[in-house]
Every structure is written in C-alpha cells, then in structure tokens.
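In: I'd like to go over a predicted model; first the sequence, then the structure.
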Amino acid sequence: MVSIEHVKHLAWLSRLDLSNEELVKYHIEIEKIIEYLDRLDSITLSDVEPRYYKKSVSEFRNDQVLETRTDLSKTTKNIKDGYVKAPKMR
Amino acid sequence: MNELWSLSAQQVSSRVRNGDFTIEDYVFQLLERINAIDDKIKAFITVNDDALETARKIDTKIKRQETIGPLAGVAVGVKDNICTKNIRTTCASKLLHEYKPPFDATVISRLKERDAIIIGKLNLDEFAMGSTTEFGSFGPTHNPWDPNYVVGGSSGGSAASVAASECTVSLGSDTGGSIRCPASFCSVVGFKPTYGSVSRYGLISYSNSLEQIGPIARTVSDIVMMMNAISGHDENDNTTHFQKMYEFSDASDLKKPVRFGLVKELIEGSDPVISRLVYSSMDLLSSAGFKWEEISLNSIDYSLASYYTIAMAEASSNLARYDNLRYGFDCQPEGYEWNSYFSTIRNNFGDEVKKRIMIGSHVLLSGYYSKYYLKAQKIRSILRQEVKKLFKYIDILISPTMPVLPFRLGEGIDNPMKRYLIDANTVIANLIGIPAISIPTGFNDKLPIGVQLMADEMQDQLLLSVSKIYERIAGVRRKPDFI
C-alpha cells in the first residue's frame, strides 16, 4: 500500500508542486506501478553479485586543460551583469 | 524529375557522386515532401533551415571534384533529444522548448564530417519516456500506415519520417526498446548497437546505463552505412569501447553456420497473430538451411521490473538538473523562494515524466535501496549469465519485437502499467548491453509486424550480416499507401 502522504513526500523530494487533482490521479497510478516493482522483493538473491558497468581506467584521456569558447549565457533567460540569476535561499 | 525521396542512402550517395542529380535537388524534394505530408504524420518538431545551404556547399565540392564524405547527400533526421548546435533541441518538453545547444553531439559532428545533411529534429515521448510518441509537448506522431494508430516510441518521429520517406535515414535512442518498437510499428529497420559502441555525448540523459543511440533506415545496408559513420571510441564518452572495432561490412556471407534460438517466453506472451507470423518466418529460415530451436529464458519474469526500477531511478537523478536557471523558458526568479521556484517550474514536466521521477525517488529512498535498486542490478546480473550461457551454442536470439500490434492512439492511456508491459521483449538487450535489431517481417492487414534479432555483445557485425539475410528471406517490400 502506498499512502497519499507518501506520494506527497515523493513530490516534495522530486521538487514537483502538484495540484490536489494531480496528487489523486498520480497516487492511483504510482501505487499500481510500485506494486509491480515489488515483485523484485519476492525472490531471494543474497548470493548474487549485482551487475555494474566495469571499465579499465587506462582508457581515460590525458588530463589536459581545454578552453571552452561557447557562450553559455545564450542558453538561459536569467542573466544579469554576466551572472546567472537564481531565487533567494531562505 | 523522378521521385528521388524514395531512394536508399546507398543509392543517394552513389548517384550524387555520378552526377545523376544534385544534392540540392534531392534535399529540395524532401523538404517539399515534408511540407506536403507532415501535417498528417507530425514526425518533425523542427525542420533545419540550413539544410539547402549545406546541400549547395557539398554540390560545389562535387563540381570542383574535391573529396567528399561517404554520406554526401544523405539526409538524416535526428531524434530531438540529441544535441544539434544552434538548432533547438526540445526533448518534446516544455522545459526545453527554447533550448539551442551550443554544441553538436558526437554523432552529429561525425555525420557532418562525412557530408551528411541534418534535415530536421524528430518527435519523441517527452525525454524519451514512453513507447508510443503520444507523451510529448508537441502532441502525438501518427503512424504512416494508418494515422489513427500509434507509431511506437519513444523514437516515433525517427521511425515515421523514415517510413514516410521524409528523410533518407534517422537517428533514434533506445533505452528499453525506443528504436526497435517504432521501427516494428512502422515497418522499417531499427538497430540498437552494443552498449558503448556509439558515443552518447550530446544525448540528453534519461537512463545512462541502458541507453544507446542507433540508426533507423529502410534497409539493413543503410543501417551498416550509418554505423560506419557514428560508431567508435569518443574521449567525451568514457563508456565507449576503446578499440575501433567498427568497419562494418555490408556483405551477408557468414563465416560459420548460424544457429537461431527462438525465445519461448516471448512467443508465448505475444498476440497469436504475431506468433503465427514469427513461426512462419522460422519455417522460411529452415528452408534456407538454418537450424533453430526453442530456448527458455527463466529470468525474463523479473526483467521488466528490474528495467523500470533502474530506468526510473536514473531518470530521477538525471532530471534533477532541470531547474530553469541554466536553460529553460522565461520565468524570472525574483520574488520566489529557492524551493518554490524549482517546484513551480518543474511542474511543467508532462504527467509521464513526473510519475517516473517520483517513482525513481521512491526506489532510491534510503532503506529501500536493497529492496529495489540492488535487486534490480542483481536480476541484471542473472539475466546476463543466463544469456551468456545460451550464446555458447546459439548465435542469434529471435522473438517478436513487440508482443502486440500497433494500437489506436489514446487506447489504454489511463493504464500506464499495461503500457509498460509491452516493453517486455525489448528491455532484455538494454539490461545486458547486447546488440538488437528490429526487421520488418510482415503485416496483419495494414498493421506492420517486426521481428527482433539479438546477438552477443560486440557481435554487431554478425547480427547485421544475419539481418541482411533475414531481410531478404522475409521479403517485406510494402510502402505506406499514400506513397
């Protein structure tokens, strides 16, 4: 069972300002999906090693300084005096 | 002038070299065609204004007898989650509607270096999350075989534009079937290469450990041509394989006898119309002298849950970057508190994206890690062992690409879990990183059916050679009616 409070908490963690209508709708759908994912819990896999991507470090490129010539300020609307503007922290 | 738009990439590249027609003529015909039919299909989000200009430049090189690249004249449509310098790249998301990347993805620079033309950017499910191309902020793409039906997804625009001959070939991305599903639903060829064979630099991230860029084309030979351009090591993507193993050949000769394994669980889980068609293509393979047997994959039962756990967990981390400060639309931060600004802005994600981010947050909650994520990675490990064992005596695994026929737009849209289940056949290749391809295999009335072939990792050449043979045997040659 997934409670609506739990979905509210997930929305907060995900920084999503959901309306009440959205909360109710997503709650039903998310509950069904999580129930499906819960089937992972029904098997014991204690002696299995998880799979992670492994790669030899010798393939890293040389640690060189490269100059960036692109003007990133064009990708944002929130520029003032050459700085990116952000909302105030409380 | 003849209808040039129906030519394959191979034909275009050799005929512009011979001077049969100019690249400008070819690109002009494609642009006219997009203008005439894309209203019905809606494959394109953006058409590249510079395409004709670029075409003229390459024509001049040909006229001056300068060296030209192997893809000269080939018009490539690009899924709109792959960065193209100064051409907006939206991911079909309101949060990126105005985003013009200041750089090209590695695959795009490689195409340009080889004189391909970027003809435009193609529709997808928002951030590639979906299997139907209905979940984007520009609305759905329609199936060229019947516009009332879904096109598959998430690379729906990439498959539809190729099927409708609005471009020569296209690029898609495949996280759990996003190239192969729409290729199957549109009767074109879609290839997901071995993980690490094509650079993901400039692909806007959804689930990094699963996704790969790959080509969609009308023939296997065109897939080979594209792979020779886009694959290989890239220092900007450290998951790419270091060796340049990629000089793919278009030949269909096999060095040793090839044995097929038909995956029992995936045949049993499919619509009977589809299973029947796949069985009859197995008969065709037998008549052509190939050996095949039914094989079983026990861990398939858990693979979809493992896939969605990993994909959503990675999505929830990747999409945390959309704070509307570094890129985004015009919403000034004055008067907002930090958290409320982000939460308000981020509510502009579509429903599907929001749900996946939240479920991703759920499976990553402290205390839940070993219940979901760790288990999912363990399933991945078991599935890999099981498949590796099969590849000791089987060369190619075969199954329907999709367990269902293309369905009507909007059908079952309120039941996301049911929609997720249709990815069952395709996620396997992403979970273990092996190459997989969807090839047209027939029709049920007007609706296309594709077959999926999978090979062991790094066996992309074998898979492509066998695909050429399968393509010839299946002999699907139909084009959508309006063509």
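Out: Noted; the coordinates are in hand. Numbering: from 1, shown residues only, chains lettered A, B, ... in the order given.

In: dump the residue contacts of B:Ala36.
Out: By C-beta atoms under 8 Å, 6 or more residues apart in numbering or on different chains, the contact set of B:Ala36 is empty. Where you see a C-beta, it was placed from the backbone N, CA and C, and this is true even at glycine.

In: any idea which element it lies in?
Out: Using DSSP states H and E, B:Ala36 falls within helix B:23-41.

In: repeat for A:Ile30
Out: Per DSSP H and E: helix A:20-37 holds A:Ile30.

In: strands along the chain, start to end?
Out: Let's take chain A. Taking DSSP state E to define them, one finds strands in chain A at A:79-80, A:83-84.

In: let me rephrase: I mean chain B.
Out: In chain B, the strands defined using DSSP E lie at B:44-47, B:75-79, B:117-122, B:169-174, B:189-192, B:212-217, B:259-263, B:291-295, B:396-400, B:436-444, B:447-454.

In: count of residues packed around B:Ser252?
Out: Counted with other C-beta atoms under 10 Å in any protein chain shown, the neighbours of B:Ser252 add up to 16.

In: which ones are touching it?
Out: Here B:Ser252 is in contact with B:Ser465, B:Val466, B:Lys468, B:Ile469, B:Arg472 (C-beta under 8 Å, 6+ apart).

In: try it again at 6 Å.
Out: In this structure, B:Ser252 makes contact with B:Ser465, B:Lys468, B:Ile469, judged by C-beta atoms under 6 Å, 6 or more residues apart in numbering or on different chains.

In: what's the answer for B:Cys91, then?
Out: Residues in contact with B:Cys91 (C-beta under 6 Å, 6+ apart) are B:Asn81, B:Phe127, B:Ile204.

In: the second one and B:Ala311, how far apart?
Out: Between B:Phe127 and B:Ala311 the distance is 11 Å, computed by C-beta to C-beta, to the nearest Å.

In: so who does the residue positioned nearest the centre of chain A touch?
Out: Taking C-alpha atoms, centre = their mean, the centroid of chain A lies closest to A:Ser14, which sits 7.2 Å from it. Going by C-beta under 6 Å, 6+ apart, A:Ser14 touches B:Ile357, B:Met358, B:Ser361.

In: wait, the first one sits on B:Ser316?
Out: Yes. Between B:Ile357 and B:Ser316 a contact is recorded at 4.8 Å, counting by C-beta atoms under 6 Å.

In: looking at the two, which is more packed in?
Out: Higher neighbour count among B:Ile357 and B:Ser316: B:Ile357, with 28 against 21, using other C-beta under 10 Å.

In: deepest in the core, which of the strands of chain B is it.
Out: Of all the strands of chain B, strand B:189-192 carries the top mean neighbour count, a mean of 32, counting by mean count of other C-beta atoms under 10 Å in any protein chain shown.

In: tell me which residue of chain B is furthest from the middle?
Out: Distance to centre of chain B, C-alpha atoms, centre = their mean, peaks at B:Gly335 (42.3 Å).

In: repeat for chain A
Out: Farthest-from-centroid check, chain A (C-alpha atoms, centre = their mean): A:Asp81, 30.9 Å.

In: next one: that residue relative to B:Ile413, how far apart?
Out: Distance from A:Asp81 to B:Ile413, counting by C-beta to C-beta: 47 Å.

In: ok, now B:Ser366?
Out: Taken as C-beta to C-beta, the span from B:Ser366 to B:Ile413 is 34 Å.

In: neighbour count for these two, which is higher?
Out: B:Ile413 (15 against 5).

In: separation between the closest residue to that one other than its chain neighbours and chain A?
Out: Leaving aside its chain neighbours, B:Ile413 sits nearest to B:Glu134 (6.9 Å; criterion: C-beta to C-beta, 6 or more residues apart in numbering or on different chains). According to C-beta to the nearest C-beta, to the nearest Å, B:Glu134 and chain A sit 15 Å apart.

In: what of B:His97?
Out: Between B:His97 and chain A the computed distance is 12 Å (C-beta to the nearest C-beta).

In: OK, contacts around the closest residue to that residue other than its chain neighbours?
Out: Excluding the flanking residues, the one nearest B:His97 by C-beta to C-beta, 6+ apart is B:Thr90, at 5.4 Å. By C-beta under 6 Å, 6+ apart, B:Thr90 lies in contact with B:Ile45, B:Asp80, B:Leu96, B:His97.

In: try 10 Å
Out: Applying C-beta atoms under 10 Å, 6 or more residues apart in numbering or on different chains to B:Thr90 gives the contacts B:45-46, B:80-81, B:96-100, B:121, B:123-124, B:126, B:136-138, B:204.

In: fine by me, we can end here.
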